[in-house]
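Undergrad: Here you go, sequence then predicted model.
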Amino acid sequence: MIMNKRKYQECFVKTLQLDEDANLLELEYQGIKEWDSVGHLTLVTEIETVFNIELDVDDVIDFSSYQVGMTILEKYGIDFTS
Amino acid sequence: MKKPAPLQILAELNTSHFGNLENAKSACAVASNSGATGVKFQSWKPQSLYSQRWLDDNRVEARLYEKLSLSEQDLTQLREFAGELGLTFGSTVYSPGEVSHLAEISADFIKIASMDIDNSELLAIAAKSGIPVIISTGMASMDEISWAVNFFSDMGGQDLTVLHCVSLYPTELEESSVGNIRHFTELFPEVNVGFSDHTRGVYAAIAALVYGTRVFEKHLSVDKSKPGFDNAMAQSPEEFNEYSSTLRKTLASIQQDRRELSHMEIIQKQKLRRSAHYTRDLEPGNRIGQEDVVFLRPGDGIRRESLDTFLGYTLRKPVRQGEKISPDDFLESE
């Protein structure tokens, strides 16, 4: 749902201190200084809270970009389409 | 003062194995191929590092620590595998049980982390294990470091390496304080002094090497694209290889600290210094004066300091301009 995409974007903006108009589609782990290993944990914690899910640790490790993250969340039933 | 130890470059593999034994073995192989002499793992369990309250409050970290920790069985296999690769093996311990396990598998060294430099329980059991101990000194005052060194000795510890360390990840060069190593070598002449290097690159390590450090610990990450606890300052395999290669080359350049000419340089000296040559053609019977002599390369003839011996001598044969002056040119009676 569009709402899920909005919530997902807000997780990044909030935890990585991004501007509202930041180009999230190209955002990658370590691509900006805020998304370091500490920022990663903060981001994942926020996503788990917002979507009320618990990611498998392998997914936490594989969560290497904004787009990969969406693919991972879809495994947990989060719908970003339509 | 102890004789300088052999160069040791320990690859701190931290969480680059992601809790997987096969990954950890691969990381050992990468370390070996990148110039490491040893590998270091972490023996922690979430419960040996954090309070249950903290783990409850930080659930993602808690799951990561659980997943990324290595079991005793894993460490046992890694000890064997590292040995097969010719690498020394050690691990950082956080509880007495973890020390005991390393003793059981005859680890080459036990590492005490900076956070535990004041942990008398851990220091005592490590000292009594009989295994060489490496201790990091990040966040510690000189008083705390002195206490740890003395306590280790008092507990019967025999083989201690103290690592200069700054607990900032990464450590900027301006904050690396490598000059502290001089104080360590002066204050603790009976222990090995090393460097737990959290800087990026090799510059601080070169300085540490020149100050006498021969034990280096550097983080190595096989895949920095994946989130790991030490991504910010871990070296890629290529960077680690450059690091170890640079240290070895630097060590080669400082190992000879006395003014002794090598055989090669003595040969070079004969080519590149000057020796006496004739400035003009001269016939037998001429006496050699200062004006007949010029000093030019090569330097394998009569040296400047020996010329006075021959000035005023009489030639017994004709000589040509540019010819090297020889003692055989003169009458024997002179």
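TA: Structure received.
Undergrad: only C-alpha atoms for contact and neighbour calcs from this point on.
TA: OK.
Undergrad: can you give me the helices for the chain?
TA: Because you didn't say which chain, this covers chain A. Along chain A, counting by DSSP state H, helices occupy A:2-15, A:37-51, A:57-62, A:66-75.
Undergrad: wrong one, I was asking about chain B
TA: Secondary structure of chain B (DSSP H): helices located at B:21-33, B:46-49, B:52-57, B:59-68, B:72-84, B:96-104, B:120-128, B:142-154, B:180-187, B:203-210, B:237-254, B:263-272.
Undergrad: and A:Phe12, how many neighbours?
TA: Residues contacting A:Phe12 under the criterion other C-alpha atoms under 10 Å in any protein chain shown number 25.
Undergrad: go on, B:Leu261?
TA: 10.
Undergrad: try B:Glu12
TA: By other C-alpha under 10 Å, the residues close to B:Glu12 number 27.
Undergrad: Do you know the pLDDT at the closest residue to B:Gln290 other than its chain neighbours?
TA: Spatial nearest neighbour of B:Gln290, excluding adjacent residues (C-alpha to C-alpha, 6 or more residues apart in numbering or on different chains): B:Leu311 at 6.9 Å. With respect to pLDDT, B:Leu311 scores 92.
Undergrad: For B:Leu10, see how far away B:Leu311 is.
TA: For B:Leu311, the distance to B:Leu10 equals 65 Å [C-alpha to C-alpha, to the nearest Å].
Undergrad: what do you get for B:Pro318?
TA: Distance from B:Pro318 to B:Leu10, counting by C-alpha to C-alpha: 70 Å.
Undergrad: For the stretch 1-150 of chain B, what lies in contact range of chain A?
TA: Contacts of the stretch 1-150 of chain B with chain A, taken as C-alpha under 8 Å from any C-alpha of the partner chain, map to B:Arg59, B:Val60, B:Glu61, B:Arg63, B:Leu64, B:Lys67.
Undergrad: Mind putting those into a markdown table with pLDDT?
TA: As requested, these are arranged in a markdown table below (pLDDT from 0 to 100):
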| residue | pLDDT |
| --- | --- |
| B:Arg59 | 88 |
| B:Val60 | 90 |
| B:Glu61 | 90 |
| B:Arg63 | 92 |
| B:Leu64 | 90 |
| B:Lys67 | 91 |
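Undergrad: near chain A, which residues of the stretch 151-300 of chain B show up?
TA: So far as C-alpha under 8 Å from any C-alpha goes, the stretch 151-300 of chain B lies against chain A at B:Ser225, B:Lys226, B:Pro227, B:Gly228, B:Phe229, B:Asp230, B:Asn231, B:Ala232.
Undergrad: Need the buried ones from those selected in ChimeraX.
TA: Listed next is the ChimeraX selection for buried residues among those, using 16 or more other C-alpha atoms under 10 Å in any protein chain shown:
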select /B:226,227,228,229,230,231,232
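Undergrad: Near residue 33, how many residues? Count them for me, please.
TA: If you meant another chain, say so; for now it's chain A. 11.
Undergrad: let's do chain B instead
TA: Using other C-alpha under 10 Å: B:Asn33 sits among 15 other residues.
Undergrad: if I look at it, how far off is chain A?
TA: Applying C-alpha to the nearest C-alpha, to the nearest Å, the value for B:Asn33 to chain A is 25 Å.
Undergrad: Enumerate every residue touching that residue.
TA: Residues near B:Asn33 by C-alpha atoms under 8 Å, 6 or more residues apart in numbering or on different chains: B:Asn241.
Undergrad: so the residue nearest to B:Gly83 when sequence neighbours are not counted bridges to which residues?
TA: Once flanking residues are discounted, B:Gly83 sits nearest to B:Phe89: 7.3 Å by C-alpha to C-alpha, 6+ apart. Beta-bridge partners recorded for B:Phe89 (DSSP bridges): B:Val39.
Undergrad: what residue is smack in the middle of chain B?
TA: Nearest to the mean C-alpha position of chain B, by C-alpha atoms, centre = their mean, lies B:Arg214 at 4.1 Å.
Undergrad: Report the separation between the closest residue to it other than its chain neighbours and chain A.
TA: Leaving aside its chain neighbours, B:Arg214 sits nearest to B:Leu7 (4.7 Å; criterion: C-alpha to C-alpha, 6+ apart). Distance from B:Leu7 to chain A, counting by C-alpha to the nearest C-alpha: 31 Å.
Undergrad: Those residues of chain A touching chain B, which are they?
TA: Within reach of chain B by C-alpha under 8 Å from any C-alpha, chain A has these residues: A:29-30, A:36-38, A:40-41, A:44-45, A:57, A:61-64.
Undergrad: go with 10 Å
TA: Applying C-alpha under 10 Å from any C-alpha of the partner chain, we find that chain A lies next to chain B at A:28-31, A:33, A:35-42, A:44-46, A:48, A:54-58, A:60-64.
Undergrad: Low-confidence regions, the chain specifically.
TA: In the absence of a named chain, chain A is used. A:1, A:82 (pLDDT under 70).
Undergrad: Please refer instead to chain B.
TA: Applying pLDDT under 70 to chain B flags the ranges B:1-4, B:333-334.
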